[in-house]
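A.B. asks: Build me a model from this:
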Amino acid sequence: MNKNPNYAKNLKPFKRQKRPYSKFEFKKMYYSGMTISEIAKYYKIGRKIIQNDIKFFNVKARKTAIRDQFGAKNKNWKGDNAGYAALHRRLYHSQPKCCEICGTTNEKKRYEWANISGKFNDPSDYKRMCKSCHSRHDKIIRNIINMKKRRG
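C.D. replies: So this is what the prediction gives:
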């Protein structure tokens, strides 16, 4: 905090800049479905100015639109370049809630996603297994790999 007693006297009052649109025009654009970013881009001004004008013009907030942002429709979609965790998260939306090997549905058991062929970017190449079935599956796969290495 400034201790100068004349500090407040030296401050210039905030002057609201002239906007390139009227209140009516602004509301019309906003209620037609344009986003804050789209309005800001249209007038080549910052988003913060648009957000402040929403308050200044007493514009009522719209209901948020339900958007389908799963998969390739999401702007952050990485496709085949997704990481390990992202590849596993894709599975939770569509896969069953039981072990696909033994069929158990016990909620106290731990369930894991096992990749079948080694193609990690294909969600249909996974099976949900309980911990014991997954361990057995991995042991079989390791044995096959070791046998191929020994044979040359």
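A.B. asks: List the buried residues for stretch 81-94?
C.D. replies: 82, 87-88, 90 (16 or more other C-beta atoms under 10 Å). Using the backbone N, CA and C atoms, a C-beta is placed for each residue, glycine as well.
A.B. asks: Please apply the same query to stretch 129-141.
C.D. replies: By 16+ other C-beta under 10 Å, the buried positions in stretch 129-141 come out as 129-130, 133-134, 137.
A.B. asks: Which neighbouring elements make contact with the helix or strand hosting residue 49?
C.D. replies: Using DSSP states H and E, residue 49 maps to helix 47-56. Judged by 3 or more C-beta pairs under 8 Å, 6 or more residues apart in numbering; DSSP states H and E, the packing partners of helix 47-56 are helix 36-43.
A.B. asks: Output the helix it packs on as CSV, nothing but the C-alphas.
C.D. replies: Extracted in CSV, the C-alpha atoms of helix 36-43 (Å, rounded to 0.1, in the frame of the first residue of the first chain):
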residue,chain,number,x,y,z
ILE,A,36,-17.1,-14.9,-26.1
SER,A,37,-14.0,-15.9,-28.1
GLU,A,38,-15.9,-15.6,-31.4
ILE,A,39,-17.2,-12.1,-30.6
ALA,A,40,-13.7,-11.0,-29.4
LYS,A,41,-12.2,-12.4,-32.6
TYR,A,42,-14.8,-10.7,-34.8
TYR,A,43,-14.1,-7.3,-33.3
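A.B. asks: between it and helix 47-56, how big is the angle?
C.D. replies: 110 degrees (axes from the mean of the first three to the mean of the last three C-alpha atoms, to 10 degrees).
A.B. asks: Centre of the chain to the helix ranked longest in the chain, how far?
C.D. replies: Looking across the chain with DSSP state H, the single longest helix is helix 131-151. On the basis of C-alpha atoms, centre = their mean, to the nearest Å, helix 131-151 sits 36 Å off its chain's mean C-alpha point.
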